[in-house]
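In: below are the sequence and a predicted model; questions follow.
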Amino acid sequence: MQRVSPWRSAARTDKGKIRRRNEDAFLDCPQQGLWVVADGMGGHQGGDIASQLIVASLAELPAQECFNVRVNDVRNCLHWLNRRLGQELTLTAGCRDSVMGSTVVTLLIEGNRAACLWAGDSRCYLWRGQRLFQLTTDHSLQQQLIDEQRMSVEQARAQPGAHALTRAIGASEHLTLAMLEFEVYSGDAFLLCSDGLYQEVSADGLGSALSHVSPQGALQQLFNAALDSPARDNLTAVVIRQ
């Protein structure tokens, strides 16, 4: 018998106005308390294959285990995918000198416990008490310049290659995942999204959308705003709330 989830969610992806193909992918499984956004590395061979493989592999994980075991399963799965993308698929595709990779952000919720694991610059936001919190920290050159060189966001963004990733699934032999565990409260809402979406919608716009009582309504507002912009990249979002 399938359990009833207290969480409602909605997900959508769009290739945007410039890109010819969509290399983003998402997983929307409220019954399992698991949501994922993966953004295939633009310009690399097989970015769409990488993001789809990540989503499909995480979808197959068992949901009957205890929360700590499930978190460990997600972590192990992503490390396995890093090895597979870095070795087997790259060679199979005949592109020894390129990379087949993807960012990933995952959210796992069970009861009042939650865990977010990520690599890259896809993000998880929390809307709580009419305030927007960015739970993830980007693994990008831009963020590294902000953290290590004390640059402002504007200064870092102006640097050559600012959006280059410093971590991603399949990008290097050794993967370091970031993880945040926290407690969930009644009224919380979450947004998982690729950089193509949050680069086109202001923080105020994200918060305004997440204040919507309906995940589908929030999603519609987000995409209306993003597609009113130049939408240079693929756009993906998953909205989750009780």
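Out: Sure thing, it's come through.

In: right, and the helix or strand after the helix or strand bottoming out on mean pLDDT in the chain?
Out: Of all helical and strand segments in the chain, the minimum by mean pLDDT, DSSP states H and E falls on helix 90-92, at a mean of 54. Per DSSP states H and E, the first helix or strand lying C-terminal to helix 90-92 is strand 102-110.

In: would you put the C-alpha positions of that next one in PDB?
Out: Presented in PDB, the C-alpha positions along strand 102-110 are these (Å, rounded to 0.1, in the frame of the first residue of the first chain):
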ATOM      1  CA  SER A 102      25.900  17.500 -14.500                       C
ATOM      2  CA  THR A 103      25.100  19.500 -11.400                       C
ATOM      3  CA  VAL A 104      22.700  18.000  -9.000                       C
ATOM      4  CA  VAL A 105      20.700  19.200  -6.000                       C
ATOM      5  CA  THR A 106      18.500  16.700  -4.100                       C
ATOM      6  CA  LEU A 107      16.000  17.200  -1.300                       C
ATOM      7  CA  LEU A 108      15.000  14.300   1.000                       C
ATOM      8  CA  ILE A 109      12.200  14.800   3.600                       C
ATOM      9  CA  GLU A 110      10.800  12.300   6.100                       C
END
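
In: helices and strands around that strand, which ones?
Out: strand 34-40, helix 47-59, helix 67-84, strand 113-119, strand 123-128, strand 189-193 (3 or more CB pairs under 8 Å, 6 or more residues apart in numbering; DSSP states H and E). Bear in mind the C-beta positions are built from the backbone N, C-alpha and C, glycine included.

In: can you tell me, leaving aside adjacent residues, what's nearest to residue 123?
Out: Once flanking residues are discounted, residue 123 sits nearest to residue 136: 4.9 Å by CB to CB, 6 or more residues apart in numbering.

In: count the residues that sit near the one you found.
Out: Neighbour count for residue 136, taken as other CB atoms under 10 Å: 20.
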